[in-house]
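In: Fold the following, please.
(one chain, ligands or ions: 2)
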Amino acid sequence: MGIGLKEIILVKNGELVLKGLNRSNFEDVLIKNMRRHLADLGSFTFTKSQSTIMVEPNDENTDLDDAADALKKVFGIAALSRAAVCEKDMNQIIKTAKNYLEEQLLPVKTFKVEAKRSDKKFPLNSPQICRELGGELLKTFHHLKVDVHNPDITVTVEIRDKFAFVRGGNIKGAGGMPTGTSGRAAVLISGGIDSPVAAYMMAKRGIELVAVHFASPPYTSELALIKVEDLLRKVAAYSGTITTYIVPFTEIQEAIRDYCPEDYSTLVMRRIMMKISEIIAKNQNCLALITGESVGQVASQTIYALGCTDSATDMPVFRPCIGMDKDEIIAVSRKIDTFETSVQPYEDCCTVFTPKHPKTRPKPQEVIDAESKIPNLDEMISKAVQSSKREFIR
Ligand code: ATP
Ligand code: MG
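Out: Residues are numbered from 1 along each chain as shown. Ligands and ions are numbered 1, 2, ... in the order given. Prediction:
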């Protein structure tokens, strides 16, 4: 611990605790991810102790508000709290608690004090620390009452080796598992509401994302592309850098329009998207595909249609929105701040040549027959993969 430092952040990891022998590994990935999220905000020292990771700024001018905000977006963190560091002396602890926690104590009605001693040589035991600090807080903040069962705020004092920590309420973390601990998967990203939410949900489970977007200029505009990049940046604030492929899709869409029976065109298009995504995903060592589909939302998302789309690939397809209502998906998109971007009105390639009467109960063989009407499809697919543009979105 550097001398003169006054405040640190304590991070509680969530499910990592369940991981037994792998725990240390998971914590190392979590610390690496925290470092990345904090990279622009200063230099920090990370110390593991039990299920807590201590994040200590190396320079006392570091803005901990910004650091706490950044850490709120790191998956694998259940909760974080800020703690004041002070000398291991009861008077200092009392003084620190009164000053440091004033802002948190003024708006609440009830509190309790908890004490933890890892230094058993400290002259007061835990109940004595609680009683003494509790009494002093009651004297200073006359509006407060003690409630040991259901307090508005818990004031925690920890007596460690060299210093004491004083902290108030917890801040909820992003939850989930550290990005990169569950392998990689490729998300088919549109400019819509659902696929950014799907990407976020799978990243939350520890998956590192690759993104694939199909663009059909001149039917889709440059602005539609910028919108997708904006969405991916919002997701990347949680997931870390997303390797993104922009696939030119115009030629294939025109071929679908020219050669396939109109009623099957959307499903043929969805199958070709899966095939192209699978090739890119395998090149990128991804183990699954991710889409934003939800049962029954549109004609191409009935369970009949989803079956036809699924059979275009032998990779697992993750559809985390599958059982969600639109308003539930929107609630997540608002939480991760993608909603306002998603509702900007630019054309997606899906909406360019929509059939008037899409099949809602297609049979897989009918869709495959429709698809086989396109001449040189395999060549067009290879060409689309080869001429796709790669960028790194962070
Ligand atoms: P979204 O809100 O994610 O666009 P949606 O309900 O509008 O979903 P569709 O447009 O039918 O549904 O698309 C279904 C899924 O197909 C999307 O969630 C996405 O995963 C994928 N997808 C659609 N359009 C594209 C595209 N242009 N590029 C890549 N993937 C796409
Ligand atoms: Mg869409």
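
In: for whichever residue of the stretch 151-300 of the chain sits closest to ligand 1, what are its contacts?
Out: Scanning the stretch 151-300 of the chain for the residue nearest ligand 1 gives Gly192, at 2.1 Å (criterion: Cβ to the nearest ligand atom). For glycine as for every other residue, the C-beta is placed from the backbone atoms N, C-alpha and C. Gly192 sits next to 292, 342, 348 when contact means Cβ atoms under 8 Å, 6 or more residues apart in numbering.

In: rerun at 6 Å
Out: Gly192 makes contact with Ser342, according to Cβ atoms under 6 Å, 6 or more residues apart in numbering.

In: sec struct for it, please.
Out: coil (DSSP: H, G, I helix; E, B strand; the rest coil).

In: Dihedrals phi and psi, it?
Out: Backbone geometry at Gly192, expressed as degrees, to the nearest 10, gives phi -80, psi -170.

In: do Thr354 as well
Out: phi -80, psi 130.

In: What's the local residue count around it?
Out: Neighbourhood size, Thr354 [other Cβ atoms under 10 Å]: 14.

In: Leu106 now?
Out: There are 10 residues near Leu106, going by other Cβ under 10 Å.

In: helix/strand/coil for Val55?
Out: strand.

In: Beta-bridge partners for it, please?
Out: For Val55, the beta-bridge partners under DSSP bridges are Ile9, Phe46.

In: show me the contacts for it.
Out: Going by Cβ under 6 Å, 6+ apart, the list of residues near Val55 reads 9, 44, 46.

In: want to throw these into TSV with neighbour count, pLDDT and distance to Gly168?
Out: Shown next, in TSV, are the contacts of Val55 (neighbours: other Cβ atoms under 10 Å; pLDDT from 0 to 100; distance: Cβ to Cβ, whole Å):
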residue	neighbour count	pLDDT	distance to Gly168
Ile9	22	96	13
Phe44	20	96	21
Phe46	17	96	22
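
In: Which member of the residues you listed is positioned nearest ligand 1?
Out: Among the contacts of Val55, and counting by Cβ to the nearest ligand atom, the member closest to ligand 1 is Ile9, at 34.8 Å.

In: residue of the stretch 151-300 of the chain with the smallest distance to ligand 2?
Out: Gly192 (3.4 Å; Cβ to the ion).

In: State the distance from that residue to Ser294.
Out: 11 Å (Cβ to Cβ, to the nearest Å).

In: got the buried residues for the host helix or strand of Ser382?
Out: Of the helices and strands defined by DSSP states H and E, Ser382 is found in helix 377-386. Neighbour counts using 16 or more other Cβ atoms under 10 Å place 377, 380-381, 384-385 of helix 377-386 among the buried residues.
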